[in-house]
Structure formats: structure tokens, C-alpha cells
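>>> Make a model of this:
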Amino acid sequence: MLSVTLVTGIGELTTNDPQVGDGSALGVLRDAAVVVQDGRIAWLGPAARNPAADTAIDLDGAAVVPGFVDSHTHLVFAGDRSVEFTARMAGEPYDGGGIAATVAATRAAGEDELRGLLSRRIAQARAQGTTTCEVKSGYGLDVAAEVRMLRLAAEVTPETTFLGAHVVPAAASRHDYIELVTGGMLAACRPYARWGDVFCEPGSPHAFDADEARTVLGACAAAGLGLRVHGNQLGPGPGVQVAVELDAASVDHCTYLTDADVDALAGGATVATLLPGVEFSTRSPYPDAARLLAAGVTVALASDCNPGTCCSSSMPFGIALAVREMGMTPAQALWSATAGGALALRRDDIGVLRPGARADLCVLDAPTYAHLAYRPGMAIARALELPDRGLTAGRADRLRTWR
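Down below sits the predicted model:
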């Protein structure tokens, strides 16, 4: 018989279901309870009407939101680039070249070391309320290292992304490297990847132009991978247009957008994923989220946790930055960090709390979700560990937690 758990004492429940509670996009319900069975939500509603359950967890008036959906991370890496960060704070610009240092460190690391680093980063993210995490490769840049990164990522999440086209290695021919990425590297990585991605930034000597990006993404699509794009981070460029043209699930960064880019996003299904931690860490201009939202574009927020340009997996930190620097309201930022991230992964079972969805609950040490932006830097968010979904019973449970 499956265990049934009642989560009660919820002072404010954000569901992201407009048919619930106050009828807003966040679907806020007060004095609520949630019943969980086999890792899924079986019921939610007013606490006064909750059904019976085998066990109960009383949250004593805390607010609960959907677990954060971090749809853009680079969590498999070794090494440290704090020196590069320090140089940027002194005025040195970012151009993507520092990736080579992480590639060298990641290739040199042992598998157990990488697995341990990844496990700790996953735990750190979960401790701050993230319950679904996409993880990219891209710090291998040869077949064996890229395969190893994706194989390790697949141990903790099904949302794995092949990013062999992160940069062109310094010693490689562009033509030969693209042939490798779209040929033998893709074939070897395909069993461990759900998505394919490319860093499309013509202004960087290390990244890929529009035609090269189309070649890479076309090969990924032919191999059955969904598509994602790094675009428009370092300056205006074709990344957004390529992403929309190829129906990519998401185009990430979107720091520099033309009116045509905004129109294309508004007219397509591609999510604009904004990564404010990168702008914080590189002293770059922040994306104009208010402009995108006013045009009807679907916006997601993600951490882009990586060693070079944002060494933080804190989604609450991203929410606070989005409100303070990008023109979002606390409600818009929360939706983008949960439901928006789910759409960027083309998932309908996460980022929302309703019967049948995954029981990914984020508990706030606060009376309302507005405290995520109101109290920046405070450890007020955590993923709720349920009795039938703990992390101590082996790798199978860890995998279920991150789906």
C-alpha cells in the first residue's frame, strides 16, 4: 500500500494554477493543505477540509511555493575561476575565453571527484528550494570528456543537455570541430542527453555564428534531441532568431534584444530564459524583463550556475535580482522561476501544484512568497523532504527527486 502524507499548516500556498484560490496567475490559497501519494499531489485545498492520511507534516503557518525549476546550469565541473571574477570586478570584460581553464580542470578530475562535486552542488540547490535542475555538458570538448559529463549528469536529472558546441577549442579547426560535434561526439553523447544546445555569439571568437549554430542544432534535432540556445549574451546577434526559427524550447541570456527579437519571441513558442546572476557576476547590463513581459513573451528565470560567470545556484537570489534590477514584480519573478522554468523544459508536471503533478514543495520561512525578493541573501527557502521521497535510500531515490 502506498504511503499518504498530509502537509498541513500552510499559511499561504502558491500553486501557479489560476483556477485555485485567488484566481491570479499564481493561484494563491490561504490556510491550505496538500495530500501527497507516491510522490504526486493527490489533493490540495483548504486545511479545514483535508482528507485523512497516514502521516502528517505541520508547517506551522509557513508559505509554500512550487519547487524552483532551474532550467539552465553547468553543474559538472572542476576547478576554480575566482581570479577571473576578481579581474572582472576590476574592469576586465568577459568574452567567454575563460571556459578553457574549466575544460582543463574538468578533464583532469577523476570521476569520483566530479561525482562528489556534482552531488554537493545538487544538495546546495535543493537546500535553497530547487527541485528540478537541468545540467549541461560543455566543459569536456572531446568525446570521452563530454560523454562522462553527461553520464554523471544523468545520474541526478533527466534534464541533461549536450553542449559540445560550447566553444571551439583553441587548438582545433572550426570546421573539424563542428564535424566532430555533429558526428562522433553527438552519437556518443546521445544516449545520455535529452537536449542539444549551442553558444551562438558571433561577437566572440570562441563561440558559433548563426550558420554554425543551425548546423549543430539541425544535427541535434535529427538525433532526436530537443533544442536550446545560448544567445544574445555578449551583444546583439542572431541567437534569438535562430532559436525561434528552429522552435527551440528556450533561448537563454537574452541580454541584448532588438525589437525584431522581441517580436519573434512573442510570436513563437520559445521561452526567453533570463539569467540575472550572470549580469551580477560580470557587471553586464541586465535584461529588460518588463519589456519582454509587456510584449507577451514567456519568461523563465534560471541560475546558470557555473564556475566562470555565476558561481551560485540560488534561485531566490535570482528572484531578488529580477525584481530589483529587471523590472519584474515579486509575483512575476516567482512564476518565471517555477512555471516559466517548466515551460522552458517543456514539462507540465513540475512548476505547478495541482493533483497529478509532482509533489515538489518549497517551504519558505516566511508568511508570503514576497519575502523571496524582500529578504535577499536570507536562507528562507528549502525543498520539503517527504517521508516517501528521501535522499538516503540510494541512487534511485535521488533520481526520482530530480525528475
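
>>> give the contact list for residue 254.
231-232, 240, 261, 265, 272-274, 287, 292 (Cβ atoms under 8 Å, 6 or more residues apart in numbering). The C-beta positions use only the backbone N, C-alpha and C, and glycine is treated the same way.

>>> Give me the subset of these that lies in strands.
231, 272-274 (DSSP state E).

>>> With pLDDT and neighbour count added, can I get the contacts of residue 254 in TSV?
Output for these, formatted as TSV (pLDDT from 0 to 100; neighbours: other Cβ atoms under 10 Å):
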residue	pLDDT	neighbour count
231	98	32
232	97	26
240	98	28
261	98	25
265	98	25
272	98	31
273	98	30
274	98	31
287	97	27
292	98	24
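
>>> Among these, find me the one that's closest to residue 219.
residue 231 (17.9 Å; Cβ to Cβ).

>>> Quick check: the closest one touching residue 244?
No. Assessed by Cβ atoms under 8 Å, residue 231 is found out of contact with residue 244, at 10.1 Å.

>>> would CSV of the ones in strands among the contacts of residue 254 with distance to residue 341 be doable?
Below are the ones in strands among the contacts of residue 254 laid out as CSV (distance: Cβ to Cβ, whole Å):
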residue, distance to residue 341
231, 18
272, 12
273, 8
274, 11
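
>>> ok, which stretches of the stretch 151-300 of the chain are strands?
Using DSSP state E, counting those that start in this stretch, the strands of the stretch 151-300 of the chain run over residues 160-165, 195-200, 226-231, 250-253, 271-274, 299-301.

>>> Can you add distance to residue 324 and give these back as CSV?
Output for those, formatted as CSV (distance: least, Cβ to Cβ, whole Å):
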stretch, distance to residue 324
strand 160-165, 29
strand 195-200, 27
strand 226-231, 24
strand 250-253, 19
strand 271-274, 13
strand 299-301, 13
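
>>> Can you say which of these is nearest to residue 380?
Taking the strands of the stretch 151-300 of the chain one by one with Cβ to Cβ, strand 299-301 is closest: 17.1 Å.

>>> Could you point out the helix or strand that follows the lengthiest helix in the chain?
Using DSSP state H to define each element, the chain has its longest helix at helix 111-126. Counting by DSSP states H and E, the element after helix 111-126 in chain order, helix or strand, is strand 130-133.

>>> What is that following strand packed up against?
On a contact count with 3 or more Cβ pairs under 8 Å, 6 or more residues apart in numbering; DSSP states H and E, strand 130-133 meets strand 68-70.

>>> who's in contact with the strand it packs on?
Taking Cβ under 8 Å, 6+ apart as the rule, strand 68-70 contacts 125, 128-134, 300, 302-303, 305, 313, 315-316, 337-342, 344-345, 347, 350-351, 362, 381.

>>> Can I have the buried ones of those residues as a PyMOL selection?
Paste this into PyMOL to select the buried members of these, with burial taken from 16 or more other Cβ atoms under 10 Å:
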select buried, resi 125+128+129+130+131+132+133+134+300+302+303+305+313+315+316+337+338+339+340+341+342+344+345+347+350+351+362+381
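
>>> so which helix or strand takes in the residue lying closest to residue 76 once chain neighbours are set aside?
Spatial nearest neighbour of residue 76, excluding adjacent residues (Cβ to Cβ, 6 or more residues apart in numbering): residue 149 at 4.5 Å. According to DSSP H and E, residue 149 maps onto helix 143-154.

>>> Go through that helix and flag the buried ones.
Buried positions in helix 143-154, judged by neighbour count with 16+ other Cβ under 10 Å: 143, 145-154.

>>> swap in stretch 153-171?
Quick answer for stretch 153-171 (16+ other Cβ under 10 Å): 153-157, 159-169.

>>> what does stretch 214-222 give?
214-217, 219-220.

>>> Show me which of these is closest to residue 79.
Proximity of these to residue 79, judged by Cβ to Cβ, is greatest for residue 216, which lies at 25.3 Å.

>>> Roughly how far does that closest one sit from residue 10?
45 Å (Cβ to Cβ, to the nearest Å).

>>> Residue 230 touches residue 198, doesn't it?
Yes. In this structure residue 230 lies within contact range of residue 198 using Cβ under 8 Å: 6.8 Å.

>>> could you pull out the strands for the stretch 1-150 of the chain?
4-14, 28-37, 40-46, 55-66, 68-70, 130-133, 135-136.

>>> Which among those is found nearest to residue 182?
Judging those by Cβ to Cβ, what sits closest to residue 182 is strand 135-136, at 17.1 Å.

>>> So which elements touch that closest one?
Against strand 135-136 (3+ Cβ pairs under 8 Å, 6+ apart) you get strand 160-165.

>>> Between helix 143-154 and the strand it packs on, find me the angle.
Here strand 160-165 runs at an angle of 150 degrees relative to helix 143-154 (axes from the mean of the first three to the mean of the last three Cα atoms, to 10 degrees).

>>> Looking at stretch 369-378 now, give me its mean pLDDT.
Stretch 369-378 carries an average pLDDT of 97.

>>> With just CA atoms, put it into CSV.
This file holds the C-alpha atoms of stretch 369-378, laid out as CSV (Å, rounded to 0.1, in the frame of the first residue of the first chain):
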residue,chain,number,x,y,z
TYR,A,369,6.2,34.4,-1.3
ALA,A,370,7.0,38.2,-1.5
HIS,A,371,9.8,37.6,1.1
LEU,A,372,11.9,35.8,-1.6
ALA,A,373,12.7,39.3,-3.0
TYR,A,374,12.1,41.2,0.2
ARG,A,375,14.8,39.3,2.2
PRO,A,376,17.6,38.8,-0.3
GLY,A,377,20.5,36.7,0.9
MET,A,378,18.5,35.1,3.7
